[in-house]
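>>> when you get a sec, could you give me coordinates for this:
(one chain, ligands or ions: 1)
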Amino acid sequence: MKTTGGSEAAKRAAGERAAELVEDGAVVGLGTGSTAAHAIRALGERVGQGLDLRGIPTSYGSADLAREAGIELVTLDDALPDVTIDGADQIAGFDLIKGGGAAHTREKLVDSAAKRFVVVADPSKEVESLDHPVPLEVLPSAREPVSRAVAGLGGEAELRGAERKDGPVVTDNGNLVLDCDFGRIESPAELGDELSAIPGVLEHGLFVGLADDVLVGTDGGVEERR
Ligand code: 5RP
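Just a heads-up that it's a prediction; the model follows:
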């Protein structure tokens, strides 16, 4: 699974703490990325000790990891998550940018369907104001018109993986990802609404007002914000 910057010990501390919060009988949304992976492994260990839980994965990667960990998988058709544990690329207060693993469309679906959405991260993700490029999942045929619409909003769109010999990054849903640099984002909610309105955009990576808890691992423990 893809790993971004930040210490592995801090990611593990946050992921393992989040896994401790899960109660017996819960349905758990399983996020994508290296920090969420620590939570999935820790949940698998608890299942091995007798915890009853079912998981709803947010990507093929998290589904594979969960199966390896011995977690029974279900879908949103079967149940809604009591809690979802997921990582983030950037965090300002309770607003997030996600999609570094190109999974933000399913992540937003599962994270927003949960009664409680717990974000797990290392300290490198925390900022005063969001300024990370915003990933957009776009239909393959919509790449150029969406790029132009993004430019009209003052952003610069870059096709993820454009430089790769084997072709650009393709999401689990068969679409492309445009990473859109808007510099410092003054109003994440407003920008999110504008991006959602562009035809051909399946989902953007701004997660505004969705997080209930932010757990930031450090090398010495976990800081919890609620
Ligand atoms: C995947 C995501 C990840 O949660 C995000 O990229 C953080 O990943 P990591 O925990 O590896 O830093 O949004 O689409």
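>>> burial of Thr75, as a residue count?
Neighbour count of Thr75, defined by other CB atoms under 10 Å: 10. Where C-beta positions appear, they are placed from N, C-alpha and C, glycine not excepted.
>>> those residues of the protein touching the ligand, which are they?
Counting by CB under 6 Å from any ligand atom, the residues of the chain close to the ligand are 2-4, 31-36, 86-89, 98-104, 107.
>>> list buried residues within these.
Buried by 16 or more other CB atoms under 10 Å: 4, 31-36, 86-89, 98-104, 107, out of the residues of the chain next to the ligand.
>>> now, these that are in strands?
Using DSSP state E to define strands, the subset of those located there is Asp86.
>>> okay, and which of the residues of the chain next to the ligand map to helices?
34-36, 104, 107 (DSSP state H).
>>> give me every residue that touches the closest residue to Leu159 other than its chain neighbours.
Once flanking residues are discounted, Leu159 sits nearest to Pro168: 5.3 Å by CB to CB, 6 or more residues apart in numbering. The contact partners of Pro168, by CB atoms under 8 Å, 6 or more residues apart in numbering, come to 159-162, 176-177.
>>> repeat for Gly167
Applying CB under 8 Å, 6+ apart to Gly167 gives the contacts Gly161.
>>> look up which helix or strand it falls in, please.
Per DSSP states H and E, Gly167 falls between elements, in no helix or strand.
>>> any idea how far Gly161 is from it?
Distance from Gly167 to Gly161, counting by CB to CB, to the nearest Å: 7 Å.
>>> do Val119 as well
From Val119 to Gly161 the distance is 26 Å (CB to CB).
>>> so for those two, which residue has more residues nearby?
Shown here are Val119 and Gly161; by other CB under 10 Å, Val119 has more neighbours (29 against 15).
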